[in-house]
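A.B. asks: sequence first, predicted coordinates after that:
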Amino acid sequence: MSNAIEDDSFSKPVGRWSVFYYGVGHMLNDITSACWFTYLLLFLTDIGLSSRDAAVVMLSGQIADGLATIVVGELIDRFGQFKIWHGAGSVLVAVSFSSVFGGCIPCKTLVTFSSIVETVSYSTFAAIFNVGWAATQVSHMSMVNCITLNSTSRVVLASCRNAFTMVANLSLYGIALIVFDVIRAKTHADIENQYRWIAYLSIFIGCCFVGVFHLGTYEPRSKTGIHGNIHARISWTYWFLKILYYQVALVYVLTRLVLNVSQAYLAFYVINDLQMAQSAKALVPAIIYICSFIVSVLLQEIAWNGRRLKAYYTAGGILWMFCGVGILLLPSSMSIFMYAISVFIGIANALMTVCWKFCALLSI
């Protein structure tokens, strides 16, 4: 009788406050991730690291993220305790992120600023950051199916999370725009202070929302079905026998490659090649994201099928190629047109991202 009552309560729609508390739980990850991909390489090269060493730092973080996602996912699947993983990951994210943009701590301790020590230091904290990021992401995402059995509420929870992802990104670019405008980069120390303030303010905002999440969200049960049954675990080798797995993975990898590379290098291009104002480092990404958000909302109203998904995804890819040609040929004397190109980049990003997500959903 008690199991029936409990299952009935889990089948009911989730309340608005519960949705809100869950939705804000990924804000720290989202705002630091936006800062990471947009400004990390620019920050590292501005403080004196070579392009090669900066790439090593970024690569070390991505490798750690890939490995940690697999390990953390398996551990959470075995032992549960979502909030503990989320809290521990958030602590790692906050500490390591502030350490990366706060300067080379081992260099100050050892009183040496050799390129090797700097690269090893930043790479270590980059790896720690991505391990924490993976722990927070996997634990937060996997909570949805354990919070409620109601399919509508699951969609609402995921939508709220995505909405606050957009809030996080726009908050970062708003912070960056203000910081770049207030703190003029006249000296090397000014440049460090710019990025330091962006990082610290991002961490502060993200940690506030992490606190709201932990205070308002309860620890959900795991692996329980509609009638209280424990679901059988599927071996991870099962997916490697499915052709569809590789197809969806390939589309995802190519989509993320376009989005991440453009996000990571556009700030370089805007400042170094087009010689635009410092504020452009925040305005260009913000325009891209706002346009992407508007198009994403409009695309939600379309009745999707396989043929339409392919057509829209292809259109996004072609549009991106035209934008790439425009970026390649754009002279610095006509840098103002970069804002117009940013609009079309945002549209292309939305087409590719939304179509990939619906492709994954229709494949399940």
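C.D. replies: Cool, the structure landed.
A.B. asks: going forward, measure contacts and count neighbours with C-alpha atoms only.
C.D. replies: Fine.
A.B. asks: which strands and helices sit next to the strand or helix carrying Cys355?
C.D. replies: Cys355 belongs to helix 338-363 when assigned by DSSP states H and E. With contacts taken as 3 or more Cα pairs under 8 Å, 6 or more residues apart in numbering; DSSP states H and E, helix 338-363 sits against helix 243-268, helix 280-299, helix 306-329.
A.B. asks: same thing but at 6 Å, please
C.D. replies: helix 280-299, helix 306-329 (3 or more Cα pairs under 6 Å, 6 or more residues apart in numbering; DSSP states H and E).
A.B. asks: in that helix, what's buried?
C.D. replies: Within helix 338-363, the residues scored as buried using 16 or more other Cα atoms under 10 Å are 338-339, 341-356, 359-360.
A.B. asks: do stretch 183-195 as well
C.D. replies: 191-195.
A.B. asks: out of the helices and strands packed on helix 338-363, the one nearest Leu201 is which?
C.D. replies: In terms of Cα to Cα, the element of the helices and strands packed on helix 338-363 nearest to Leu201 is helix 280-299, at 15.1 Å.
A.B. asks: circling back to that earlier point, tell me the most buried of the helices and strands packed on helix 338-363?
C.D. replies: Mean neighbour count (mean count of other Cα atoms under 10 Å) peaks for helix 280-299 among the helices and strands packed on helix 338-363, with a mean of 19.
A.B. asks: roughly how far out does it sit from the chain middle?
C.D. replies: 15 Å (Cα atoms, centre = their mean, to the nearest Å).
A.B. asks: hmm, who's touching that helix?
C.D. replies: 173, 176-177, 267, 342-343, 346-347, 350 (Cα atoms under 6 Å, 6 or more residues apart in numbering).
A.B. asks: neighbours of the residue nearest to Ser114 when sequence neighbours are not counted, just the number please.
C.D. replies: With sequence-adjacent residues excluded and distances taken as Cα to Cα, 6 or more residues apart in numbering, Ser114 is closest to Cys107, at 7.9 Å. Cys107 has 15 neighbours, counted by other Cα atoms under 10 Å.
A.B. asks: what does Leu330 give?
C.D. replies: Neighbours of Leu330 (other Cα under 10 Å): 17.
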